[in-house]
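Participant: Show me how the following folds:
(one chain, ligands or ions: 1)
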Amino acid sequence: MPAGQRILIIGGGHNGLVAAFYLAKCGYKPLVLERREIVGGAAVTEEFHPGFRASTLAHTVGPLRLDVARDMRVEKFGCELIYPDPRVFAPAPDGRAALLYDNHRKTEASIARLSTKDAEKYQQFADALGEACVLLMPLLAMTPPSIDKPSTEDLWSLFKVGRDFRSLGKRRMFNLLRWGPMAVADFVAEFFETELLRATIAARGIFGTALGPWSAGSTAVLLLRAAADPHPVGCASFPRGGLGALTHALAESARSAGAEIRVNAEVAQIRVKDGRATGVVLADGEEIAADAVVSGADPKRTFLGLMDPGQFDPTFVMRIRNLRASRQTASGGRSPGGSTSGRTLTISNGPSTRRSMESFRRRRTWTSRFPR
Ligand SMILES: Cc1cc2nc3c(=O)[nH]c(=O)nc-3n(C[C@H](O)[C@H](O)[C@H](O)COP(=O)(O)OP(=O)(O)OC[C@H]3O[C@@H](n4cnc5c(N)ncnc54)[C@H](O)[C@@H]3O)c2cc1C
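Facilitator: Below is the predicted model:
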């Protein structure tokens with residue numbers, strides 16, 4: 001596609017904003033159309049009660065690719081990322097706790113209080129993740145190849161992955177192939193004996209998925225997350241000001257690169273002619289022509305809601321219909337000063353708050369065994 005062409009991006013979530021930035025950098029004219037009054041999608045900071053602002057859905061920055069953060073200069077645009085150390089504090093009901101720091105030696109000293117065997121294995125585990133990361137990290141940045149008609153570039157990229165895989169050597173190649181389909185509970189059990197440590201490290205294999213620790217393939221999730229950050233528990237970073245500070249910085253960076261962003265602009269339809277997207281129609285009837293359309297909305301909404309499914313191959317439509325997407329999401333709530341994994345709490349001394357905190361505590365009490 002020649003530079004200078006108009007590209008519409010549906011949705012101002014973080015993916016839409018990053019796409020707008022890179023397209024503008026390549027000389028295109030991206031226009032982001034966001035239906036809400038703010039950009040950020042699920043990564044926003046909002047006032048949920050007068051005087052109280054919080055990240056209302058996503059709470060921590062997941063694996064943010066450092067090259068993207070660097071290219072978009074998020075700090076220059078007002079996003080200060082806070083990296084806690086220790087990275088994870090995992091308390092057990094019996095009063096013991098695991099503390100996992102940036103520094104592996106410090107972590108080993110903490111784990112030794114639970115099990116000297118596990119402390120000795122920790123570095124071995126970190127090395128295994130590091131090796132997997134070297135192989136998997138390039139996959140995160142690679143454009144997925146066309147399965148039916150791979151281009152020369154696709155074949156070249158796949159060749160490089162194959163070459164890197166072979167360079168791992170027989171034992172590591174075998175391990176990687178064996179680990180991927182495994183349940184993450186089995187994977188961590190190959191290294192550690194303490195349930196608390198196993199659960200703490202395995203959590204990354206199920207976080208944000210509909211999987212449990214005994215689900216087949218949950219190790220692949222952990223390995224893919226490790227590709228973005230090979231530390232055994234990954235990293236949770238928090239933007240000062242909530243997730244909205246990050247997406248605000250992404251939007252400002254995209255704008256400064258030349259992208260346009262419109263809010264309160266809901267796309268009702270994607271126009272298609274001769275098999276090519278030619279523009280969109282907004283909910284208020286406005287039509288905007290374009291040379292290409294990028295959708296940051298989910299595939300079901302894009303292909304079944306914004307487009308006429310009749311124009312696609314029925315097999316493709318069936319596959320999109322069969323994508324499993326749970327329809328309920330809850331976050332936010334009432335009641336002490338901050339947020340904990342998906343719940344937003346504000347300080348109040350009322351009895352109803354104490355009651356709700358007690359019921360919250362009971363629901364979150366963690367048992368040190370994986371449910372089978
Ligand atoms: C409950 C929950 C908690 C999560 N917690 C975390 C977390 O703590 N850390 C983390 O890293 N990830 C978390 N995630 C995952 C993360 O939120 C998503 O991966 C991320 O939001 C995806 O970004 P996106 O830009 O692809 O889509 P979205 O953020 O969904 O953005 C899509 C945008 O498109 C807009 N849009 C949709 N349809 C239209 C239309 N027709 N016209 C115009 N605009 C439209 C929407 O308004 C939205 O702004 C969580 C997800 C959920 C559901």
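
Participant: For stretch 247-266, measure first residue to last.
Facilitator: Using C-alpha to C-alpha, to the nearest Å, the gap from the first to the last residue of stretch 247-266 comes to 19 Å.

Participant: Can you give the distance of that stretch from its chain's centre?
Facilitator: For stretch 247-266, the distance from its own C-alpha centre to the chain's C-alpha centre is 20 Å (C-alpha atoms, centre = their mean, to the nearest Å).

Participant: Kindly report the same for stretch 58-67.
Facilitator: Mean C-alpha position of stretch 58-67 versus that of the full chain (C-alpha atoms, centre = their mean) differs by 7 Å.

Participant: Residue 98: what's it in contact with?
Facilitator: Residues counted as contacts of residue 98 (C-beta atoms under 8 Å, 6 or more residues apart in numbering) are 88, 89, 90, 92, 110, 111, 114, 194, 196, 197, 200. C-beta coordinates here come from the backbone N, C-alpha and C atoms, glycine included.

Participant: Looking at those residues, which are in strands?
Facilitator: 88, 89, 90 (DSSP state E).

Participant: give me every residue that touches the second one.
Facilitator: Taking C-beta under 8 Å, 6+ apart as the definition of contact, the neighbours of residue 89 are 97, 98, 99.

Participant: okay but residue 218 is in contact with residue 205, surely?
Facilitator: Yes. With contacts defined as C-beta atoms under 8 Å, residue 218 counts as touching residue 205 at a distance of 4.1 Å.

Participant: list the residues that contact both of the two?
Facilitator: For the pair residue 218 and residue 205, residues contacting each of them under the criterion C-beta under 8 Å, 6+ apart are 184, 211.

Participant: which of the two has more neighbours?
Facilitator: Using other C-beta atoms under 10 Å as the criterion, residue 218 and residue 205 rank with residue 205 on top: 27 against 24.

Participant: phi, psi of the residue nearest to that one when sequence neighbours are not counted?
Facilitator: Closest residue to residue 205 in three dimensions, ignoring its sequence neighbours and counting by C-beta to C-beta, 6 or more residues apart in numbering: residue 184, at 3.2 Å. Note on residue 184: backbone dihedrals following degrees, to the nearest 10 are phi -60, psi -30.

Participant: number of nearby residues for residue 184?
Facilitator: Burial of residue 184 is recorded as 29 neighbouring residues (other C-beta under 10 Å).

Participant: ditto for the one 3 residues further on
Facilitator: A total of 24 residues lie near residue 187 under the criterion other C-beta under 10 Å.

Participant: Quick one: residues contacting it.
Facilitator: Under the criterion of C-beta under 8 Å, 6+ apart, the contact list for residue 187 reads 179, 202, 205, 219, 222.

Participant: Among those residues, name the buried ones.
Facilitator: The neighbour count (16 or more other C-beta atoms under 10 Å) marks 179, 202, 205, 219, 222 as buried among the contacts of residue 187.

Participant: Stretch 232-243 and the ligand, are they touching?
Facilitator: No. For stretch 232-243, no contact with the ligand is found by C-beta under 6 Å from any ligand atom; the gap never falls below 7.5 Å.

Participant: now, which of the buried ones among the contacts of residue 187 sits nearest residue 126?
Facilitator: Checking the buried ones among the contacts of residue 187 against residue 126 by C-beta to C-beta gives residue 222 as the nearest, at 13.1 Å.

Participant: tell me the SS of the closest one?
Facilitator: Going by DSSP: H, G, I helix; E, B strand; the rest coil, the secondary structure assigned to residue 222 is helix.

Participant: My read is that it contacts residue 202, right?
Facilitator: Yes. With contact taken as C-beta under 8 Å, residue 222 and residue 202 are classed as touching, separated by 7.2 Å.

Participant: returning to that earlier point: can you list the contacts of residue 98 in TSV and add pLDDT and distance to the ligand?
Facilitator: Formatted as TSV, the contacts of residue 98 follow (pLDDT from 0 to 100; distance: C-beta to the nearest ligand atom, whole Å):
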residue	pLDDT	distance to the ligand
88	94	15
89	94	17
90	94	18
92	92	24
110	95	25
111	96	26
114	95	27
194	96	26
196	96	23
197	96	23
200	96	17
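
Participant: Pretty sure residue 225 sits against residue 202.
Facilitator: No. Taking C-beta under 8 Å as the definition, residue 225 is not a contact partner of residue 202, at 11.5 Å.

Participant: For residue 53, what are phi and psi?
Facilitator: Backbone torsions of residue 53, given as degrees, to the nearest 10, read phi -120, psi 140.

Participant: for residue 31, same thing?
Facilitator: Backbone torsions for residue 31, taken as degrees, to the nearest 10, come to phi -130, psi 120.

Participant: and if you look at residue 131?
Facilitator: According to degrees, to the nearest 10, residue 131 has phi -70, psi -40.

Participant: burial count for the residue lying closest to it once chain neighbours are set aside?
Facilitator: Leaving out its chain neighbours, the residue that sits closest to residue 131 by C-beta to C-beta, 6+ apart is residue 172, at 5.8 Å. Residues within reach of residue 172, counting by other C-beta under 10 Å, total 15.

Participant: So residue 172 lies in a helix, does it not?
Facilitator: Yes. Checked against three-state DSSP, residue 172 lies within a helix.

Participant: In helices, which of the contacts of residue 98 fall?
Facilitator: Among these, the ones falling in helices (DSSP state H) are 110, 111, 196, 197, 200.

Participant: before we move on, back to that, got any residues that touch both of residue 222 and residue 202?
Facilitator: With contacts taken as C-beta under 8 Å, 6+ apart, the residues that reach both residue 222 and residue 202 are 184, 187.
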